[in-house]
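S.K.: Okay, structure incoming, though there's no sequence with it:
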């Protein structure tokens with residue numbers, strides 16, 4: 001019984017990647033990125049107060065990264081590109097925006113960054129648009 005629980009099959013690994021991609025990607029896109037894009041002026045002004053260079057460019061890129069990067073993760077469309085984009089945005093959020101804050105304020109950005117890093121390394125798995133397009137089923 002324990003051997004069976006310890007074994008990872010290709011199917012279980014791909015299902016695990018699917019669950020992680022869908023949850024983190026959809027929540028990132030809809031709960032975080034969408035709101036930033038709908039209030040882009042206010043978000044960009046807030047970015048400027050954080051001493052981030054080129055806020056007029058990097059603010060919208062962060063909002064787009066959370067929204068479209070999240071969707072790219074969720075559906076596995078250019079999965080590694082989306083993962084790299086999300087990872088970049090989350091590292092800036094954790095270490096620049098919340099750099100002086102206690103760990104609890106950085107934790108969410110670091111969690112999204114860890115998921116993005118894992119998906120960057122592992123890829124989106126076989127239940128993704130990338131796998132379908134590239135013929136890996």
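M.R.: Now that the structure is in, tell me what you want to look at. Treat the numbers as computed from the prediction; the structure is a model and nothing was measured.

S.K.: Burial check on residue 119, number of neighbours?
M.R.: 27 (other C-beta atoms under 10 Å). Where C-beta positions appear, they are placed from N, C-alpha and C, glycine not excepted.

S.K.: Show the contacting residues for it.
M.R.: Neighbouring residues of residue 119 by C-beta atoms under 8 Å, 6 or more residues apart in numbering: 17, 20-21, 73, 79-80, 83.

S.K.: Quick check on these: which are buried?
M.R.: 17, 20-21, 73, 79-80, 83 (16 or more other C-beta atoms under 10 Å).

S.K.: Could I get the buried residue list for the helix or strand of the chain with the lowest mean pLDDT?
M.R.: For the chain, counting by mean pLDDT, DSSP states H and E, helix 2-6 ranks last in confidence among helices and strands (a mean of 78). Taking 16+ other C-beta under 10 Å as the neighbour-count basis, helix 2-6 is seen to contain no buried residue.

S.K.: next structured bit after that helix?
M.R.: helix 10-27 (DSSP states H and E).

S.K.: now for that following helix, which elements pack on it?
M.R.: Packing partners of helix 10-27 (3 or more C-beta pairs under 8 Å, 6 or more residues apart in numbering; DSSP states H and E): helix 55-75, helix 103-122.

S.K.: hmm, 6 Å instead?
M.R.: helix 55-75 (3 or more C-beta pairs under 6 Å, 6 or more residues apart in numbering; DSSP states H and E).
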